[in-house]
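J.: I'll drop the sequence and a predicted model, then ask my questions.
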Amino acid sequence: MTAATAPARSRPALTWALRAAGAVLLAAMGWLHLDLWADGYRTIDVIGPAFLLNGIAGFGLAVLLLAAPRRLLPWAAALGALVAAGTLAALLLSTTVGLFGFVETTAAPLWWETFWIEAGAVVVLGVLAVVSRRRPA
C-alpha cells in the first residue's frame with residue numbers, strides 16, 4: 001500500500017466512526033429533551049411542544065444518519081448539524097435573554113450535559129458533512 005492509497009482506504013472507516021458518533025449524539029440530544037419534557041417542561045407554553053418535537057427529531061435524525069445512502073450522507077449530516085446548532089442556539093438564548101418568555105439557568109437539570117452534547121453534535125456532524133462529500137477522481 002502506498003501513501004497515496006492510505007487516506008482513500010481510511011475514509012470509509014472515518015465516515016462510519018463519524019456516522020456512529022453523530023447518531024449517538026443526536027439520539028442523546030433527543031433523549032435529553034424527551035426526559036426533560038416528561039419531567040415537567042411539557043407544561044411550558046411553546047417550550048413544551050418544542051422539547052417533544054426536538055426529542056422525536058433527535059431520534060429520527062439518528063436513524064436517518066445511519067440509514068442514509070452514501071450519496072445523501074452529506075445532506076443528512078448537514079441537516080443533523082443544523083438541528084443541533086438551532087437547538088444549541090435556543091438553549092443559549094433561553095439562558096441569556098429568554099426564549100418565548102422562558103428563562104433557563106445553567107443550574108437547571110441536564111443543562112451542561114445538553115450543552116456539551118449539542119456542541120459535540122454540531123462539530124461531529126459538520127465534519128461528517130464535509131468528509132462524506134464525494135471527491136472527483
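T.: Nice, thanks for sending it over.

J.: that's a strand at residue 104, yeah?
T.: No. Residue 104: not assigned to a strand; according to DSSP: H, G, I helix; E, B strand; the rest coil it is coil.

J.: how about it, phi and psi?
T.: Backbone torsions for residue 104, taken as degrees, to the nearest 10, come to phi -100, psi 170.

J.: report the contact partners of the residue nearest to it when sequence neighbours are not counted.
T.: Counting by Cβ to Cβ, 6 or more residues apart in numbering, the nearest residue to residue 104 once its immediate chain neighbours are dropped is residue 94, at 4.1 Å. The C-beta positions use only the backbone N, C-alpha and C, and glycine is treated the same way. Counting by Cβ atoms under 8 Å, 6 or more residues apart in numbering, residue 94 touches 47, 102-104.

J.: after the lowest-mean-pLDDT helix or strand in the chain, next one along is what?
T.: Taking mean pLDDT, DSSP states H and E as the measure, the chain has helix 6-38 as its least confident helix or strand, at a mean of 89. Using DSSP states H and E, the helix or strand that directly follows helix 6-38 along the chain is helix 47-67.

J.: average pLDDT for that next one?
T.: Computed over helix 47-67, the mean pLDDT rounds to 96.

J.: any idea which helix or strand comes after that helix?
T.: Next in sequence after helix 47-67, counting helices and strands by DSSP H and E, comes helix 73-96.

J.: tilt between the helix or strand following that following helix and helix 73-96?
T.: Following helix 73-96 in sequence order, the next helix or strand is helix 111-131 (DSSP H and E). Here helix 111-131 points in a direction 150 degrees away from that of helix 73-96 (axes from the mean of the first three to the mean of the last three Cα atoms, to 10 degrees).

J.: cool, thanks, talk later.
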